[in-house]
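*Asks:* sequence? don't have it. structure:
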């Protein structure tokens, strides 16, 4: 098995398949999780007595907000996407917090591998997404929020190369 790493993308290659893994790891989020847990322990521990329906409703709402904050922090900070390409299929799945179902695509249906630019409205940063163009109107998101254009282009070329190596008729330089 051959192992390569391109910034955020790990590439594992064996004789029968290639696996691309994009791991998101933003360690600043650990501090956010610690802050949430400290707030929930000290801020809510003694203040809620569960004596009235309002206290119960308030505690349920606060607990739901804390749970949502923890889930979204874990999802956006520590989620990874895996693309597995074998001789017939390309399989896309997210772990450990999937937000979309696992997708298995016949390689013959993939017409093009494209890079799409995503602008964040809150900051001037640009993020790059890699998508499979299946039919003129159908796209499947493969990797999301790559930081650098060069990295996205390198990964795109490696995916095209992998699709061709394992028996697909994909054009290397699409128009």
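*Replies:* Sure, I can see it. Values in this document were obtained by computation on a predicted structure and should not be read as measured data.
*Asks:* what's in contact with the helix or strand that contains residue 19?
*Replies:* Assessed by DSSP states H and E, residue 19 sits inside strand 18-23. With CB atoms under 8 Å, 6 or more residues apart in numbering as the test, strand 18-23 has contacts from 8-13, 80-85, 143-144, 146, 155, 158-159, 162, 165-166. The C-beta positions use only the backbone N, C-alpha and C, and glycine is treated the same way.
*Asks:* if you set the cut-off to 6 Å instead, what comes out?
*Replies:* Outside strand 18-23, the residues that touch it by CB atoms under 6 Å, 6 or more residues apart in numbering are 8-12, 80-85, 143, 162.
*Asks:* pull out the buried members of these.
*Replies:* Buried subset of these (neighbour count, 16 or more other CB atoms under 10 Å): 8, 9, 10, 11, 80, 81, 82, 83, 84, 85, 143, 162.
*Asks:* distance of the closest residue to residue 117 other than its chain neighbours relative to residue 68?
*Replies:* The shortest distance from residue 117 to any non-neighbouring residue, by CB to CB, 6 or more residues apart in numbering, is to residue 126 (5.6 Å). To residue 68, residue 126 is 28 Å away according to CB to CB, to the nearest Å.
*Asks:* with residue 58 instead?
*Replies:* Distance of residue 58 to residue 68, computed by CB to CB: 16 Å.
*Asks:* who does the strand or helix carrying residue 84 touch, helix- and strand-wise?
*Replies:* Per DSSP H and E: residue 84 is located in strand 80-85. Packing partners of strand 80-85 (3 or more CB pairs under 6 Å, 6 or more residues apart in numbering; DSSP states H and E): strand 18-23, strand 89-95.
*Asks:* so which of those strands is the most surrounded?
*Replies:* When the helices and strands packed on strand 80-85 are scored by mean count of other CB atoms under 10 Å, the highest mean neighbour count falls to strand 18-23 (a mean of 20).
*Asks:* between strand 80-85 and it, find me the angle.
*Replies:* Angle of strand 18-23 versus strand 80-85, following axes from the mean of the first three to the mean of the last three CA atoms, to 10 degrees, is 170 degrees.
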